[in-house]
Structures are given as structure tokens and as C-alpha cells.
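# Sequence isn't available, so here's the structure alone:
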């Protein structure tokens with residue numbers, strides 16, 4: 001395997017887990033929060049997808065799928081189009097509701113498609129390109145990709161945990 005194939009496979013695994021965690025859940029179940037300050041499955045999947053969308057679009061010089069493909073309009077969330085969920089308050093997390101598993105899956109699949117299209121064109125040298133100079137050391141594309149890949153896996157794991165809690169309630 002080369003670098004591009006490894007990255008495409010890794011993001012494919014995130015996509016598989018996103019599908020598994022949302023499939024068969026109602027909008028109410030997707031919005032369920034184990035406590036008033038906890039994240040819901042819907043928010044976790046929306047957030048991990050928004051961050052991936054934002055970061056890939058920035059690194060690739062592309063428009064975000066969220067706005068370019070009309071997902072922001074379809075979701076109708078009471079949040080700004082630029083929101084990714086980073087730093088959200090409990091109230092903002094609670095506002096991510098009324099969305100379906102099909103919407104979450106569809107948006108994630110569209111972002112996944114853009115992500116895989118981008119990473120399939122990368123080689124080892126491309127991963128050394130600096131994409132963020134606000135940090136010391138500067139953040140390279142390789143570091144950025146692994147950073148949000150890790151974040152994606154953590155959040156989809158959290159969503160799976162919340163789904164498990166929901167099963168216990170049934």
C-alpha cells in the first residue's frame with residue numbers, strides 16, 4: 001500500500017463506523033443525550049463530519065460540501081454555516097436535532113467522497129506541505145490529516161457508546 005491507499009482506507013473505516021452508528025435510529029434517538037451536558041449521536045456525527053469537511057476543503061483549496069452541495073440548507077440547524085461544533089456549548093449541542101440518519105449518512109458520504117478524492121492524489125512529499133503556521137512547529141498536511149482522522153475515530157466511538165446506552169433503555 002502507498003500513502004494515498006492507507007489514508008483512503010482509514011477514512012473508509014470512519015465511514016463504515018458512521019453508517020453503523022446511525023443506521024436504524026430515529027431523529028429522537030439521534031438527539032438523545034445521556035445527560036444535559038453530554039453530546040448526542042447526531043451532534044457527534046455531524047461534528048466529526050463538519051470538521052473533516054472544513055479541514056479537507058481548506059487543505060485542498062475546495063469549497064466545503066456543507067454549503068456547496070446544500071447540506072446546510074437540508075439540515076436547517078440554528079447555527080451559522082461556518083460552525084463545525086468546535087467549542088460548542090451544551091445549548092448549541094442540544095440544537096443539533098430534528099435530523100435523520102439518512103441526512104447524517106448522506107452528508108458524511110458526500111464529505112467522504114471529497115476526502116478520498118483528495119487523499120488519493122497525495123504522495124509522501126505532499127504530506128510535508130505546511131497548512132497551518134499558527135502553531136509551533138507549523139502543522140503539515142500529514143499531521144492535519146492524522147489529527148482529524150484521530151478526532152473522527154474518537155467521536156464515532158463516543159457515538160457508538162451513546163448508542164449502546166440507548167439499547168439499554170429499550
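Ah, there it is. Computed from a predicted structure; not experimentally measured. Numbering: from 1, shown residues only.
# Please tell me how far residue 18 sits from residue 132.
Separation of residue 18 from residue 132 (Cβ to Cβ, to the nearest Å): 25 Å. The C-beta positions use only the backbone N, C-alpha and C, and glycine is treated the same way.
# Tell me what the residue lying closest to residue 138 once chain neighbours are set aside is bridged to.
Nearest residue to residue 138, sequence neighbours excluded (Cβ to Cβ, 6 or more residues apart in numbering): residue 130, at 4.5 Å. Note on residue 130: beta-bridge partners residue 140, judged by DSSP bridges.
# same for the one helix or strand in the chain whose mean pLDDT sits lowest, what does it pack against?
The helix or strand of the chain with the poorest confidence is strand 130-132; it has a mean of 92 (mean pLDDT, DSSP states H and E). On a contact count with 3 or more Cβ pairs under 8 Å, 6 or more residues apart in numbering; DSSP states H and E, strand 130-132 meets strand 139-140, helix 141-169.
# What is the burial count for residue 97?
As a burial measure, residue 97 scores 17 neighbours (other Cβ atoms under 10 Å).
# now residue 71
When neighbours are counted by other Cβ under 10 Å, residue 71 comes out with 22.
# Give the full set of residues in contact with the closest residue to it other than its chain neighbours.
Counting by Cβ to Cβ, 6+ apart, residue 71 lies nearest to residue 107, which is 4.7 Å off, once chain neighbours are set aside. Applying Cβ atoms under 8 Å, 6 or more residues apart in numbering to residue 107 gives the contacts 46, 49, 65-66, 71, 74-75.
# cool, residue 111 as well?
49, 52-53, 56, 65.
# Stretch 121-138 spans what distance, first to last residue?
Start to finish, the residues bounding stretch 121-138 are 22 Å apart (Cα to Cα, to the nearest Å).
# what does it rub up against?
2-4, 7, 58-59, 139-142, 144-145.
# As JSON lines, those with pLDDT would be great.
Converted to JSON lines, these look like this (pLDDT from 0 to 100):
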{"residue": "2", "pLDDT": "90"}
{"residue": "3", "pLDDT": "91"}
{"residue": "4", "pLDDT": "92"}
{"residue": "7", "pLDDT": "96"}
{"residue": "58", "pLDDT": "94"}
{"residue": "59", "pLDDT": "94"}
{"residue": "139", "pLDDT": "94"}
{"residue": "140", "pLDDT": "95"}
{"residue": "141", "pLDDT": "96"}
{"residue": "142", "pLDDT": "95"}
{"residue": "144", "pLDDT": "94"}
{"residue": "145", "pLDDT": "96"}
